[in-house]
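Trainee: pasting a predicted model and its sequence here:
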Amino acid sequence: MDIYKKLEKCTGFEWDKANIDKNLLTHNVSSPECEQAFLNIPLISYEDLKHSQKEARYYALGKTDANRFLYIVFTIRNKQIRIISARDMNKKERQVYINYEKDS
């Protein structure tokens, strides 16, 4: 199934307490910022085949309400988006996002 169809079926977010703190402490990314990236357009997402041994993992390039560009790794469990990690996009990722945004 297409990742966007899976995301459409999601009903919210599930947060692991360790990951909320880890993302905030390591990359200064708050949980509300992560959630905003999934609600703003465009959201670019692909399956992360390299890291999908135990369960399907995905990564997303998205933008917060404050125009912060985020790279987010996540999985989907029981129709909930579960954030694994989040950080600012690097230059290459940001360029991919900007080009995609221009072409949309």
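Mentor: Structure's in. What do you need? Predicted model only: the values in this text are computed from it and were never measured.
Trainee: give me the most central residue, the protein.
Mentor: With distances taken as Cα atoms, centre = their mean, the residue of the chain nearest its centroid is residue 72 (3.3 Å).
Trainee: please name the strands paired to whichever strand or helix holds that one in the sheet, noting orientation.
Mentor: Using DSSP states H and E, residue 72 sits in strand 69-77. Applying DSSP bridges, strand 69-77 is found paired with strand 58-63 (antiparallel), strand 80-88 (antiparallel).
Trainee: count of residues packed around residue 87?
Mentor: Using other Cβ atoms under 10 Å, residue 87 has 15 neighbouring residues. Any C-beta I mention is one placed from the backbone N, CA and C, and that applies to glycine too.
Trainee: list the residues that contact it.
Mentor: 23, 26, 27, 29, 70, 71 (Cβ atoms under 8 Å, 6 or more residues apart in numbering).
Trainee: partner residues bridging it?
Mentor: With DSSP bridges as the rule, residue 87 is bridged to residue 71.
Trainee: stretch 91-104: which residues count as buried?
Mentor: 93, 97 (16 or more other Cβ atoms under 10 Å).
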